[in-house]
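In: Need a 3D model of the following:
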Amino acid sequence: MDRRSFLVSGAAAVAAGSLGQDPKPAPKPTDGPQDPASKPDPKKKADSNQFQLRYAPHFGMFSNHAKSLEDQLQFAADNGFRAWEDNGMAGKDEATQRKLAARMEKCGIQMGVFVAHGEFGRPTFASGRKDHQDRVLADIDKACTVAGRVNAQWCTVVPGSLDTRKDAGYQFANTVDLLKRCCDKIEKNKSELIMVLEPLNFLNHPGLYLTKMAQGFALCKAVDSPHCKILDDLYHQQITEGNLIHNVDKSWSEIAYFQVGDNPGRKEPYTGEINYKNVFSHIHRKGFKGIVGMEHGKSQGGKDGELKLIKAYRDADSF
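Out: Okay, here's the model as predicted:
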């Protein structure tokens, strides 16, 4: 999955399946994926069908089983998912945002991240330029409004590219200063929103300012606000530096959100080299109660690919 094109639908939007019966009989909740055609009573959820962690799919991930956005939320809930994320939520109209929030509440699904500011080509944070700062602060203002409509606690911030004409120390100071101003903006909006800063890998996104967990940790410590934390995307970090569990432990106090995808390929668990069962077990033992965003593609198309994806999470969650 191309992170740039995936976030463009959210960041650019910020600036800008019929229910099918599976060919096989719908399995019981404890056995695996459940087709929405079986129409379970949402008031009678089986705890045994829920995952131990709050894995969050996104729109389109189950579109072969459920076409409308609301039906995709219901399908996810019927199969034990308790969270959802949508990079492009801020670009949807208000009526759609409120409608989706109402369905999530009915389904028992918690809203995860949406993109508040995702910049790849300009040094919006590192440069210290007023025009960049003004644009970032306007994005945070809008994010507070969106968060209130959809009951969101987290929003993604990608702090732009390096400013190669400035020393690293000045870039760090500029970034910390703007992050503090963003936190002040959230406070003035009387919001509990948490910006989660996402370090991205150098292969897919060369030239970005934020790339490593230690760097994100240092920024959050310097900002020193509950509104500024780290989004640890394990796909990106496997490429950038590996050592996933070590960096989880070292950065633990500043991590508020995880995203996943196996490497290489950025598909579901068990399609690459990451031992996700070990990683999920580790963060569960540490007491993680937040959301694990499924920001990746599928290794197989159609309904079978969607059922394969759900099974992969069942296996990775069986610790």
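
In: give the contact list for M61.
Out: Residues in contact with M61 (CB atoms under 8 Å, 6 or more residues apart in numbering) are Q72, M294, K298, E306, L309. The way it works is simple: take the backbone N, C-alpha and C, and place the C-beta from them, glycine included.

In: other SSEs contacting the host helix or strand of the fourth one?
Out: Take DSSP states H and E as the rule and E306 turns out to sit in helix 302-316. Packing contacts for helix 302-316, counted by 3 or more CB pairs under 8 Å, 6 or more residues apart in numbering; DSSP states H and E, involve helix 276-285.

In: And the next helix or strand past the helix it packs on?
Out: Next along from helix 276-285, by DSSP H and E: strand 291-293.

In: strand partners of that following strand, parallel vs antiparallel please.
Out: strand 54-56 (parallel), strand 255-259 (parallel) (DSSP bridges).

In: Would you mind checking the average pLDDT for the shortest one?
Out: Pointing back at strand 54-56 there. Mean per-residue pLDDT for strand 54-56: 98.

In: With the last one instead?
Out: Mean pLDDT, strand 255-259: 98.

In: list the buried ones in stretch 108-122?
Out: I109, Q110, M111, G112, V113, F114, V115, A116, H117, G118, E119, F120 (16 or more other CB atoms under 10 Å).

In: And stretch 188-202, by the same measure?
Out: N189, S191, L193, I194, M195, V196, L197, E198, P199, L200, N201.

In: Show me where this structure has its helices.
Out: Ranges of helices within the chain are 3-7, 13-15, 69-78, 94-107, 130-150, 168-188, 213-223, 234-240, 244-251, 276-285, 302-316, based on DSSP state H.

In: now those helices as JSON lines including distance to D262 and mean pLDDT?
Out: What follows is the helices of the chain, written out as JSON lines (distance: least, CB to CB, whole Å; pLDDT from 0 to 100):
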{"stretch": "helix 3-7", "distance to D262": "14", "mean pLDDT": "45"}
{"stretch": "helix 13-15", "distance to D262": "27", "mean pLDDT": "40"}
{"stretch": "helix 69-78", "distance to D262": "20", "mean pLDDT": "98"}
{"stretch": "helix 94-107", "distance to D262": "27", "mean pLDDT": "98"}
{"stretch": "helix 130-150", "distance to D262": "28", "mean pLDDT": "98"}
{"stretch": "helix 168-188", "distance to D262": "30", "mean pLDDT": "98"}
{"stretch": "helix 213-223", "distance to D262": "19", "mean pLDDT": "98"}
{"stretch": "helix 234-240", "distance to D262": "7", "mean pLDDT": "98"}
{"stretch": "helix 244-251", "distance to D262": "12", "mean pLDDT": "98"}
{"stretch": "helix 276-285", "distance to D262": "7", "mean pLDDT": "98"}
{"stretch": "helix 302-316", "distance to D262": "9", "mean pLDDT": "98"}
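
In: Which among the ones you listed is found nearest to T156?
Out: Counting by CB to CB, T156 lies closest to helix 3-7 out of the helices of the chain; the figure is 7.9 Å.

In: With Q133 as the reference, measure out to W154.
Out: Distance, W154 to Q133, by CB to CB, to the nearest Å: 22 Å.

In: When these two are compared, which one has more neighbours?
Out: More crowded of W154 and Q133, by other CB atoms under 10 Å: W154, with 24 against 18.

In: For that one, which residues are in contact?
Out: G112, V113, L193, I194, M195, V196, L231, A256, Y257, I291.

In: nearest residue to the fifth one other than its sequence neighbours?
Out: Which is M195. V157 (4.6 Å; CB to CB, 6 or more residues apart in numbering).

In: Can you name the residues bridging to that neighbour?
Out: Going by DSSP bridges, V157 forms beta bridges with H117, L197.

In: That one: neighbouring residues, count only.
Out: Residues near V157, counting by other CB under 10 Å: 28.

In: My guess is F288 contacts L53. True?
Out: Yes. Counting by CB atoms under 8 Å, L53 is a contact partner of F288 at 7.1 Å.

In: Neighbour count for these two, which is higher?
Out: Under the criterion of other CB under 10 Å, the comparison of F288 against L53 puts L53 first, with 22 against 19.
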